[in-house]
Every structure is written in C-alpha cells, then in structure tokens.
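[1] Quick one: sequence plus predicted model below, questions after.
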Amino acid sequence: MVDITFRCQIKYQEDKPVTIAADLVEEHQGQNFLKFSATNYSICKLVCGGKLPRNPSLSKSKELQALTQARNEKIQEYFAAPQGPQEGQELFGEENPGKGTKKRKAHTMEEPDNFVVTIQLGSTEIPCLAGGQRPSKWDLFVAMEPKPLRQVIGHLRAGCQAALHEPTRGYKGTKKG
C-alpha cells in the first residue's frame, strides 16, 4: 500500500510553522486560496501564534469581520456589473408562437462558478475567492501568496488576543435525569 500526502505549512515571521489541513485550501484556476475559518485551530494558531486557550475562535475578531465586510462589498459590485447577454443576443431563447401547448421543464439549480474579487488592505491588493449560492456567507478565502498572506495575518494579529478572550455563545446541553 502506498500513501501519498501533500502538506501545506505556513510560517509567519518568527513563529513555528503551522500545518494547514487540505480542506482549508481551495484551488481555483491554478491558484490556491487559504480559508480563514474563524473556529479552526490551525488558523487561530497561524493568526495569533503562541499558546492558545482551549477551543479558540476568531469569530468575534473585528479585523476579520472588517475584511469579510470589504469582501462582501466587492461581491456586490461584482454582481452589479453587467454580465448578461450583449445586445443582439436573445435572453430567453426562441419562442414558438404557433404552438398552443407548453410542456413544463424540470429546472435544476446549478451552483454558480467561483470567482475572485480583490480587496484593498493598506497598499496591498488581496485576491479573495467567492462563489456558491450565497457567496457573502462564505468564510474569507485569501490567495496563498506571501504578500497577501503577510498583510492579512499581520492585520488580524493586531486584535487577535482580544477576540480570543471574548465570550462566545453558550451551549445548552440536554438534562439527563
């Protein structure tokens, strides 16, 4: 039996390298994007460095929320730009006015293609991946290139410790008894 495994490790400044799970890396048109999942331990370790509390979460990070909001605004601009058929193209296909009976067709909802939007962070342009039925609900996906990752991690690190110590929502367990 042969197992072939590819691993991704990211090292930020003088911290130890952090191994990133394969499910946090998304490939689009030959470019890899890192998923900044707020509750993933590896992402928290990469962003905050050092020792982390139990079950760390960056979901309360104002910096991460600001980056996600900037990405969502760019998504709105992307969808607002005209992308429909050009003049002279038919929007709904040909009609047959002579036929009186219409047959219903089963429509399947196809998932829209992924696309890349670019947000500005300081003087650096950050390519972000978006897509799916509700792209604004996606986690932040940042291009796996040194300059954008350095900017994003540095920006998130500024408020990381405060976000880690923010209270998260409580969980109600079932009472046994």
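    Now that the structure is in, tell me what you want to look at.
[2] Mind naming the longest helix for the chain?
    Of all the segments of type helix in the chain, defined by DSSP state H, the longest one is helix 62-80.
[3] elements contacting that one?
    strand 115-121, strand 124-130, strand 140-143, helix 146-157, helix 160-164 (3 or more CB pairs under 8 Å, 6 or more residues apart in numbering; DSSP states H and E). Where you see a C-beta, it was placed from the backbone N, CA and C, and this is true even at glycine.
[4] Now with 6 Å, please.
    Counting contacts by 3 or more CB pairs under 6 Å, 6 or more residues apart in numbering; DSSP states H and E, helix 62-80 is packed against strand 115-121, helix 146-157.
[5] By mean pLDDT, flag the weakest helix or strand of this protein.
    Ranking every helix and strand in the chain by mean pLDDT, DSSP states H and E puts helix 160-164 at the bottom, with a mean of 84.
[6] Pull out the buried positions in that helix.
    Going by neighbour count (16 or more other CB atoms under 10 Å), the buried part of helix 160-164 is Cys160, Ala163, Leu164.
[7] Over to stretch 29-40?
    By neighbour count on 16+ other CB under 10 Å, the buried set for stretch 29-40 is Phe33, Leu34, Lys35, Phe36, Ser37, Ala38, Asn40.
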